[in-house]
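**Q** Below are the sequence and a predicted model; questions follow.
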Amino acid sequence: MNFPRFVVLGLGIASLWNVPVTAHADDFTLTIRDHRFDPTSITIPADTKIRVIVKNDDETAEEFESPALNREKVVAGGGRIVLFIGPLPVGRYEFFGDFHSDTARGFVVVP
Amino acid sequence: MKFIQSTIVCGAALIAISPASADHKVYSPVVEEGVLELEARGQRTVDSAADKNDQQNQVYEISYGVNSWWYTAVFGNLTKDPQGGLQYNATALENIFQLTPQGEYWMDVGLYLEYAKASARNDPDELEFKLLLEKQIAPFVVTANLIFNRDIGPNAGKGAGFEYALRANYPWKRAVQFGVEAFGEPGRLTGLDPVNEQHHLIGPVISGKFNLPILPGNFVYNVGYLFGMTQGSPAGEAKWELEYEIPF
């Protein structure tokens, strides 16, 4: 089998894994304002994928970061991003704004 | 800005390495948009046999997340054979394409494409394609790279080569995370090497991110020690990565 066929094979394998998960529940909105998250805590059901919209009302960029959630993404000033989180087991998962970590902090709580 | 320009010039000057040994880095399919990265990484074998000891591979790279799905980089590669000297081997252009929004589907998927231009006239260039797969199985993050490469040009080997890179990571803290990485080179797809001649290594790694108050941006590190699992593998290999990233 030659090299280009392996590229096609690889893409084919990748496509098998991308079955859209339609079970994710409500959207949650996090707003960044004055270098703080509002709300500071989001409570989500266990074992459920959720969609989080992060809006940045500040003029400067912020970076949503969470090692526990494996998420790291810059939100431009005045911009918004969409994150898919979960499904997660019971626990508290910290997130923070990397550019203003002293004030921009919060948790995703899975009771 | 001048610092960045100077860095780009220096990075572009680091060109020329013939791909002599695999680069033991596990790639995520997730692109960080708008982040400029300067990276140095390397690996060194440890073995009592002189023909396996002190084989080195070093990479010096500059990269940028152009948008939410495209990351591009240029790097220079130096290699050292066990009983030889360190030599500049190749210059390479690397691109990562994030194919799926992170977390939306069952697995995150990306593609890695690289072309390495050999510095020595009689060495072949190399085209490399990687399928990048990642999934969070909380609290762990599991990443797999399926790697296919092919020599191009003078003295090119026949057929496509197959390699793999795997990582399971536990993100304990931002600054300290624990993982296990594995790398393997089973051989060519036209005919794998006998198992005792294949290279397979696995071992623990520590990684994390930190920042220094005097500098903007963050430092990202990864250090580990891999153990050879086959007769053809070195007994051990020390690996390291250090990256400076800054929004740009």
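**A** It's in.

**Q** Is B:Asn53 part of a helix or strand, or is it coil?
**A** For B:Asn53, the assignment made with DSSP: H, G, I helix; E, B strand; the rest coil gives coil.

**Q** So it is in contact with B:Ala238, correct?
**A** No - B:Asn53 is beyond contact range of B:Ala238, at 11.8 Å (criterion: Cβ atoms under 8 Å). C-beta here means a position set from N, CA and C on the backbone, and glycine is covered the same way.

**Q** so what sits against both of those two?
**A** Counting by Cβ atoms under 8 Å, 6 or more residues apart in numbering or on different chains, the common neighbours of B:Asn53 and B:Ala238 are B:Val46.

**Q** okay, and for the chain, where does confidence drop off?
**A** I'll assume chain A. A:1-26 (pLDDT under 70).

**Q** I was after chain B.
**A** For chain B, the stretches with pLDDT under 70 are B:1-21.

**Q** what about the strands in it?
**A** Remark: strands assigned in chain B by DSSP state E are B:35-46, B:56-65, B:70-80, B:86-98, B:108-118, B:125-137, B:140-152, B:161-170, B:177-188, B:191-192, B:199-210, B:218-228, B:236-247.

**Q** can you list those in TSV and add distance to A:Asn70 and mean neighbour count?
**A** Shown next, in TSV, are these (distance: least, Cβ to Cβ, whole Å; neighbours: other Cβ atoms under 10 Å in any protein chain shown):
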stretch	distance to A:Asn70	mean neighbour count
strand B:35-46	16	19
strand B:56-65	17	21
strand B:70-80	17	21
strand B:86-98	14	19
strand B:108-118	9	21
strand B:125-137	5	20
strand B:140-152	5	20
strand B:161-170	9	19
strand B:177-188	10	19
strand B:191-192	33	11
strand B:199-210	13	18
strand B:218-228	14	18
strand B:236-247	17	18
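
**Q** how about the ones you listed in JSON lines, adding distance to A:Ala46?
**A** Shown next, in JSON lines, are the strands of chain B (distance: least, Cβ to Cβ, whole Å):
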{"stretch": "strand B:35-46", "distance to A:Ala46": "33"}
{"stretch": "strand B:56-65", "distance to A:Ala46": "33"}
{"stretch": "strand B:70-80", "distance to A:Ala46": "33"}
{"stretch": "strand B:86-98", "distance to A:Ala46": "28"}
{"stretch": "strand B:108-118", "distance to A:Ala46": "21"}
{"stretch": "strand B:125-137", "distance to A:Ala46": "14"}
{"stretch": "strand B:140-152", "distance to A:Ala46": "17"}
{"stretch": "strand B:161-170", "distance to A:Ala46": "20"}
{"stretch": "strand B:177-188", "distance to A:Ala46": "24"}
{"stretch": "strand B:191-192", "distance to A:Ala46": "43"}
{"stretch": "strand B:199-210", "distance to A:Ala46": "28"}
{"stretch": "strand B:218-228", "distance to A:Ala46": "31"}
{"stretch": "strand B:236-247", "distance to A:Ala46": "33"}
